[in-house]
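> Following is a predicted model, sequence given first.
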Amino acid sequence: DEFTPEESRVNWDFYEPRTMHDSSLSAAIHSVVASDLNLPEESYRYFQKASRIDLGNELLNSGHGLHAASLGGLWQAAIYGFAGIRMKDQILYVNPRLPEAWSKLCRCRL
């Protein structure tokens, strides 16, 4: 909320192509920002990249264990990005932006 949508987009356009994504947090947070900028294809692509960090071997180090912070980033991408859930001034805002490949987002029952 500190930046206008226009300022956010200018920053995205400058930094996104320059970002190396060496961090296990990078792709998930890029997914959230892309959702906020109404860039659904980029958002879903970054979400998939983030999911492969532990489900695949994106960073070539899955044998060392899970990346807990990256898993939290995936949660943020789903909740803040795709579900569009935010709290501001104690008011809940919901602005869903599901990927085209998804028909819904729901809580799993274990």
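Cool, got the structure. Numbers count the residues shown, from 1 in each chain.
> elements contacting the lengthiest helix in the chain?
Ranked by residue count, the top helix of the chain under DSSP state H comes out as helix 40-55. Based on contacts counted as 3 or more CB pairs under 8 Å, 6 or more residues apart in numbering; DSSP states H and E, the elements that helix 40-55 packs against are helix 26-36, helix 68-76. Where you see a C-beta, it was placed from the backbone N, CA and C, and this is true even at glycine.
> Sketch out the low-pLDDT regions of the protein for me.
Applying pLDDT under 70 to the chain flags residues 57-64, 110.
> cutoff 90 now
Across the chain, the ranges flagged by pLDDT under 90 are 1-2, 21-24, 51-71, 106-110.
> what about the helices and strands packed on helix 40-55, which gets the closest to residue 51?
Among the helices and strands packed on helix 40-55, the nearest to residue 51 by CB to CB is helix 68-76 (6.1 Å).
> Using PDB, write down the CA coordinates of the closest one.
As requested, C-alpha coordinates have been extracted for helix 68-76 and formatted as PDB (Å, rounded to 0.1, in the frame of the first residue of the first chain):
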ATOM      1  CA  ALA A  68      10.400 -23.900   5.400                       C
ATOM      2  CA  ALA A  69      10.500 -20.200   4.400                       C
ATOM      3  CA  SER A  70       9.800 -21.100   0.800                       C
ATOM      4  CA  LEU A  71       6.800 -23.100   1.800                       C
ATOM      5  CA  GLY A  72       5.600 -20.100   3.700                       C
ATOM      6  CA  GLY A  73       6.100 -18.100   0.600                       C
ATOM      7  CA  LEU A  74       4.000 -20.500  -1.400                       C
ATOM      8  CA  TRP A  75       1.200 -20.000   1.200                       C
ATOM      9  CA  GLN A  76       1.500 -16.300   0.800                       C
END
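> Check which element follows that helix along the chain.
Along the chain past helix 68-76, the next helix or strand (assigned with DSSP states H and E) turns out to be strand 85-88.
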